[in-house]
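Peer 1: Quick one, fold the following:
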Amino acid sequence: MSDVLGALIILLCLLQAKHMFADYFLQTRSMLDGRHIYLHGGRLLHAGVHAAGSALAFVVMGAPLVLVLLMAVGEWIAHFHIDWAKGRYTATRKLTPDDAAYWRATGADQALHQLTYIIMVWCWLTYGIGA
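Peer 2: Okay, the predicted model is just below:
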């Protein structure tokens, strides 16, 4: 296995672990309530936890500081808006975990977060390795 492929796998594992902790272990009630409101303080903080965790992962991988900061800001913006869209969609339709549409929205939300990581990894491969 090449060094780049090994590093890629490590980075993907770091991002997945970060996602699990930020979405499922570190969320508080204030981060979850009222997510359909655009300027929701809890969602601002939740997106910040994600951005900080990803920044740490990229620092561990030796990414240049400018790239780390740009990706952290980009992820914060993306995560904030993905979660807001899901919150708005589920709230306006009064969806609960008992509704199939709630789980479809959750699946779309999680898929979009994963696509964000693919973009971030592409940026790291393009601008971070050997920079």
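Peer 1: Tell me which residues touch Val4, please.
Peer 2: Residues near Val4 by C-beta atoms under 8 Å, 6 or more residues apart in numbering: Leu125, Ile129. Every C-beta, even on glycine, is put in place using the N, C-alpha and C of the backbone.
Peer 1: Distance-wise, check it relative to Ala78.
Peer 2: 25 Å (C-beta to C-beta, to the nearest Å).
Peer 1: Please apply the same query to Ala7.
Peer 2: From Ala7 to Ala78 the distance is 23 Å (C-beta to C-beta).
Peer 1: ok, now Ile9?
Peer 2: 23 Å.
Peer 1: Neighbour count for Ala7 and Ala78, which is higher?
Peer 2: Ala78 (20 against 16; other C-beta atoms under 10 Å).
Peer 1: With adjacent residues omitted, what lies nearest to the more buried one?
Peer 2: In this structure, Ala78 finds its nearest non-sequential neighbour in Thr116, 4.9 Å apart by C-beta to C-beta, 6 or more residues apart in numbering.
Peer 1: in the strand or helix carrying the one you found, what counts as buried?
Peer 2: Thr116 is part of helix 100-123, with elements assigned from DSSP states H and E. Under the neighbour-count criterion of 16 or more other C-beta atoms under 10 Å, helix 100-123 has Tyr102, Ala105, Asp109, Leu112, His113, Thr116, Tyr117, Met120, Val121, Cys123 buried.
Peer 1: Next: stretch 60-69.
Peer 2: Neighbour counts over stretch 60-69 (16+ other C-beta under 10 Å) mark Met61, Ala63, Leu67, Val68 as buried.
Peer 1: what does stretch 26-35 give?
Peer 2: Result for stretch 26-35 [16+ other C-beta under 10 Å]: buried residues Met31, Arg35.
Peer 1: Run through the residues that contact the residue nearest to Ala78.
Peer 2: By C-beta under 8 Å, 6+ apart, Thr116 lies in contact with Glu75, Ala78, His79, Ile82.
Peer 1: Quickly note the distance from the closest residue to the last one other than its chain neighbours to Val60.
Peer 2: Leaving aside its sequence neighbours, Ile82 sits nearest to Leu112 (C-beta to C-beta, 6+ apart; 4.8 Å). Distance check for Leu112 against Val60: by C-beta to C-beta, it reads 24 Å.
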